[in-house]
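J.: prediction below, plus the sequence it came from.
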Amino acid sequence: MVESRASFATSCQNPAAVVVEYAEVPGALCVRVMASGRVHSLGLACRPAEVGRELAELHALFEDYPSAEIRREMRARLATLYDWLIAPLSGWLPSASPLVILPSEALAGVPFAALFDRREERFLLEDRLVVLVTALQMTGAPPTIGSLWPVDDECTSRLFAGFHDRLERGDPPDVALREAQLYLADSGDPELASPGTWAAFALSGESFPWGTEFFKSAPAGLSTSERRWSWSSRQRRLP
């Protein structure tokens, strides 16, 4: 996971982030992508029930010790989710542009940052900032970090130590969280480097460079004010 941190920090200040909104229709998933001032729509081949089954298997793997066999199975399932949810949009996603993702109810537990591109052998977070937008984002709530599933307290402490270190260096919260996650992913420790540890955490609240005005200016097709979220109660308010 080698890249220029400075160049990435510059790119995430780019107001031309890509908004990806997933929605459910009876028995199917569709997606809208707002990029470069245009909106693209697409029906996805996967069904909500299929995603739900894949997520259940993935979350079960996160509960096990990440042996080499478990890690291979995690990557395989994360790659399947990438193929279903991200790969079909690749033609609309400019290189290194931040992704602002509004998941549908069926996708609320998807660790988008950890979705795995099997061709490039890279997690999505390695190439771009990934932000999950919750209802809190629309109400001006203070920024919080929430976990999408339970994580060991010691591993959580390690991530937050790295996160606060990056904040003290002057990184904005979204970049600080990404850096802390990449640090754990690169650590070489099987448990810390497992996506089941670092990908559990997501930032919500009014803390991003583009601010809520970014969403207010979105075309009417992006129903940000009407979202419904499944969000863990394990949240920490930032200082």
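T.: That came through, no problem. Residues are numbered from 1 along each chain as shown.

J.: pretty sure Val33 belongs to a helix, no?
T.: No. Val33: not assigned to a helix; according to DSSP: H, G, I helix; E, B strand; the rest coil it is strand.

J.: next up, the contacts around it.
T.: Applying Cβ atoms under 8 Å, 6 or more residues apart in numbering to Val33 gives the contacts Val18, Val19, Val20, Glu21, Val39, His40, Ser41, Leu42, Leu89, Trp92, Leu93. C-beta coordinates here come from the backbone N, C-alpha and C atoms, glycine included.

J.: got a winner among those residues for most neighbours?
T.: Val20 (25 neighbours; other Cβ atoms under 10 Å).

J.: which parts of this protein are helices?
T.: Ranges of helices in the chain, per DSSP state H, are 5-11, 48-62, 68-85, 124-127, 153-168, 173-185, 195-198, 211-216.

J.: give me whichever of these is most buried.
T.: helix 195-198 (a mean of 26; mean count of other Cβ atoms under 10 Å).

J.: that one - what's its average pLDDT?
T.: For helix 195-198, the mean per-residue pLDDT is 95.

J.: how about Pro190, nearest residue that isn't a chain neighbour?
T.: Nearest non-adjacent residue to Pro190, counting by Cβ to Cβ, 6 or more residues apart in numbering: Pro66, 4.9 Å away.

J.: now swap in Gly196 and tell me
T.: Using Cβ to Cβ, 6+ apart and skipping residues adjacent in sequence, the residue nearest Gly196 is Phe62, 3.3 Å away.

J.: test my guess that the one you found contacts Cys155.
T.: No. Using Cβ atoms under 8 Å, Phe62 is not in contact with Cys155; the gap is 11.3 Å.

J.: and the residue of the chain positioned farthest from its centre, how far is that from Arg53?
T.: No residue in the chain sits farther from the centre than Pro26, which is 25.0 Å out by Cα atoms, centre = their mean. Between Pro26 and Arg53 the distance is 18 Å, computed by Cβ to Cβ, to the nearest Å.

J.: next: Asp153.
T.: For Asp153 relative to Arg53 (Cβ to Cβ), the value is 29 Å.

J.: now do Ala23
T.: Ala23 is 20 Å from Arg53, by Cβ to Cβ.

J.: do Ala202 as well
T.: Counting by Cβ to Cβ - Ala202 and Arg53 are separated by 22 Å.

J.: and Ala45, by the same measure?
T.: For Ala45, the distance to Arg53 - Cβ to Cβ - is 15 Å.

J.: repeat for Val33
T.: 25 Å.

J.: so where's this structure uncertain?
T.: 1-16, 134-143, 204-239 (pLDDT under 70).

J.: closest to Leu107 out of the helices of the chain?
T.: helix 48-62 (6.4 Å; Cβ to Cβ).

J.: who does the closest one touch, helix- and strand-wise?
T.: If contacts are counted by 3 or more Cβ pairs under 8 Å, 6 or more residues apart in numbering; DSSP states H and E, helix 48-62 sits against strand 28-35, helix 68-85, helix 195-198.

J.: now render these as CSV, adding distance to Phe163.
T.: Shown next, in CSV, are the helices and strands packed on helix 48-62 (distance: least, Cβ to Cβ, whole Å):
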stretch, distance to Phe163
strand 28-35, 29
helix 68-85, 22
helix 195-198, 11
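
J.: looking at the ones you listed, spot the one closest to Gly146.
T.: Once the helices and strands packed on helix 48-62 are compared by Cβ to Cβ, helix 195-198 is nearest, at 14.2 Å.
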